[in-house]
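> Starting from these lines, generate the structure:
(chains A and B)
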Amino acid sequence: MSGNIRGFGYLESLPPVTFRRLYQQPATALAIFRRMLPNLAKTIVTTLLYNETPVALGDLEALVRPESYREREDAFSKLRRLHIITENNLDVSLDPVFKKNFRGDHHSFGVPCNTEDKKKITVQFLDNYATRQFEAILHYMVGTHNEVKPSEGVITLLTKGGLMERYGAGSQATITKNGFSFLLQDGNPQVWALLIQYLEMAEELGMEQTDVLHFLLMLGSLELGQAYSVNTLTETQKLMLADLRDYGIVYQRKSSSDRFYPTRLATTLTSESGGLRSASASMSSAMVKDAEEGKGFIILETNYRVYAYTNSPLQIAVLNLFVKLSTRYPNLVSGRISRRSIQEAIKMGITADQVIDYLSSHAHPQMRKSLVTLPPTVVDQIRLWQIEGERMKTTTGFLFKDFHSTQEFEEVAKYAEELGVLKWKKSARRCMFVTRHEQIADWLKRRASAQQQQPKKAAA
Amino acid sequence: MPRAVKGVLIECDPSIKAIILKIDKDSGHGYIVEDLDDETLVVKEPKLAELKLRLEKILEKTQMLEKDEESDPENPG
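Numbers count the residues shown, from 1 in each chain, chains lettered A, B, ... in the order given. Down below sits the predicted model:
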């Protein structure tokens, strides 16, 4: 994920109190378990789940092979950061709130509407509705005219989220760098990016943040094609329905209707298949109608020529970001990828990998018949064009310095290397650069407290 | 306890680093967090885009890149 568009990892930055409130809902506890934990962490949680007494840390660690040290540290660190486990000396137990709600008592997965709807809503209808609403947003972003114009609320969301900006009041909004990289993303991350922006805006509007999150995570566990009752929702959640309708995430016939239908965009929110890379697959299976025309329409030749069998203004606008388009026929556009077209895309904040990903995930079935989907020469050249513009290699992270002793430095460096976060170090200066600092900070704290206890014991 | 400072690690040629040092000096040391060695330094994250832009401008003056590749469609790049 690139730029400022954040995904699910956003949750990790929330304070512990918020987590306690979140875990009060079984659906939330389950969604976090399913979507955010590495497999090893899931094993640890299930081990702890039905243990009434805390388990010794050493026993838990013994479950993991010694050579999988890195995975183990990663799993524990994740559990600590999400406040799922609590530690007392060397005893580990699950957060009581999380434990209680993860075990059962699942009343919060929405209440199905028992009465028959006067007009039957089919899954097909919901899919069409979701596609139409969500594509309207994408169309609006690239500035193509579409019969459905997104509501004012959606436009505010896009501008607040930095995906589009307005120069002066009342003027037409234009797309930003972040907006471009947003467009190149797969469906599921796109939906999440919008929802997380919504979450932040909700706070400004005075909506209860945990209420909003509960609702979003609950949507992920609802069943497609089933009507759910509006009456059991909180006031905040009722307000949200109107906005979610605009994004195509839920459907309601009238705003006064006492039932709502989640669309496929909602029900795939927290599913495993909605993970980063496979999202395009889940989205295209989500958009059944689109699968035929939306999937696989680009032919890329070794001579850098691009032929795209499409008449969708959205797809043409996206292609135009990195292809120099020259001809347009009723069902086909053609153009060429050149150094200039790629470098212009890079200037807009699009990476070579995003371009390559887009091309390969939308490659024409004919291209897929060969062993490698895209011509390797072109792929390499696109990467080379990007490197050409980069005169320096940059890595965002943290510089650790002012170590007390060389020994301390070397120990931390070794730990950082084992975690795979060490980027650069220089022993002579006792300086190192790491990509993530949370685990190291944790480790340093534990090491410091262990050292404080030792001298006491020695004195006694 | 050691200290952690947020920033962006830059790895580049010594020649490029010399230019970055000059930019930093001319702007009243607004960019660099820590100068590590000949090919490495850490700069402030929010200033990175600005630094890249200024570097690009200076390099444009020193290098004349051929820009006629668009005229030959059969031999791009």
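
> Quick check: residues of the stretch 101-250 of chain A near chain B?
Among all residues of the stretch 101-250 of chain A, none is adjacent to chain B (criterion: Cβ under 8 Å from any Cβ of the partner chain). Placement of C-beta: from N, CA and C, glycine included.

> Quick check: the residue of the stretch 101-250 of chain A nearest chain B.
Nearest residue of the stretch 101-250 of chain A to chain B (Cβ to the nearest Cβ) works out as residue A:177 at 10.0 Å.

> Pretty sure that residue sits against residue A:351.
No. The pair residue A:177 / residue A:351 is not scored as a contact, 11.4 Å apart, by Cβ atoms under 8 Å.

> Can you get me a residue count around the residue nearest to residue A:444 when sequence neighbours are not counted?
Nearest residue to residue A:444, sequence neighbours excluded (Cβ to Cβ, 6 or more residues apart in numbering or on different chains): residue B:1, at 6.1 Å. For residue B:1, the count of nearby residues is 12 (other Cβ atoms under 10 Å in any protein chain shown).

> Then residue A:67?
8.

> Quick one: residues contacting it.
Contacts for residue A:67 (Cβ atoms under 8 Å, 6 or more residues apart in numbering or on different chains) come out as none.

> now it: how far from residue B:36?
33 Å (Cβ to Cβ, to the nearest Å).

> Kindly report the same for residue B:19.
The spacing between residue B:19 and residue B:36, counted by Cβ to Cβ, is 17 Å.

> and these two? which has more neighbours close in?
Set residue B:19 next to residue B:36 and count neighbours by other Cβ under 10 Å: residue B:36 wins out with 23 against 17.

> shaky segments in chain B?
Scanning chain B for pLDDT under 70 picks out the ranges B:62-77.

> Flag every residue of it that's near chain A.
Proximity of chain B to chain A (Cβ under 8 Å from any Cβ) is limited to residues B:1-13, B:16, B:20, B:33-34, B:36-37, B:40, B:42, B:45, B:48, B:55, B:59, B:69-70, B:73-74, B:76-77.

> Which PyMOL command selects the buried ones in those?
The PyMOL selection below is limited to those of those classed as buried (16 or more other Cβ atoms under 10 Å in any protein chain shown):
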select buried, chain B and resi 2+4+5+7+8+9+10+11+12+16+20+33+34+36+40+42+48+55+76
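
> Ramachandran coordinates for residue B:11?
Dihedral pair for residue B:11: phi -120, psi 120, per degrees, to the nearest 10.

> Who are the packing partners of the longest helix along chain B?
Counting residues, the longest helix found in chain B (DSSP state H) is helix B:48-62. Here helix B:48-62 touches helix B:14-26, going by 3 or more Cβ pairs under 8 Å, 6 or more residues apart in numbering or on different chains; DSSP states H and E.

> Now do the buried residues in the helix it packs on.
Applying 16+ other Cβ under 10 Å to helix B:14-26 flags B:16-17, B:19-20, B:23-24 as buried.

> For that helix, which helices and strands make contact with it?
strand B:3-12, strand B:32-37, strand B:40-43, helix B:48-62.

> ok, back up a step: regarding the residue nearest to residue A:444, what is its secondary structure?
Applying DSSP: H, G, I helix; E, B strand; the rest coil to residue B:1 yields a three-state assignment of coil.

> Which residue is the nearest non-sequential neighbour of the residue of the stretch 101-250 of chain A closest to chain B?
residue A:349 (3.5 Å).

> Could you look up the SS state of that neighbour?
Here residue A:349 is recorded as coil under three-state DSSP.

> Distance of residue A:442 relative to residue A:73?
9 Å.

> More neighbours: these two, which one.
More neighbours surround residue A:73 than the other of residue A:442 and residue A:73, with 18 against 15 (other Cβ under 10 Å).

> Okay, and that one sits in which element?
Using DSSP states H and E, the secondary-structure element containing residue A:73 is helix A:69-81.

> buried ones in that helix?
A:72-81.
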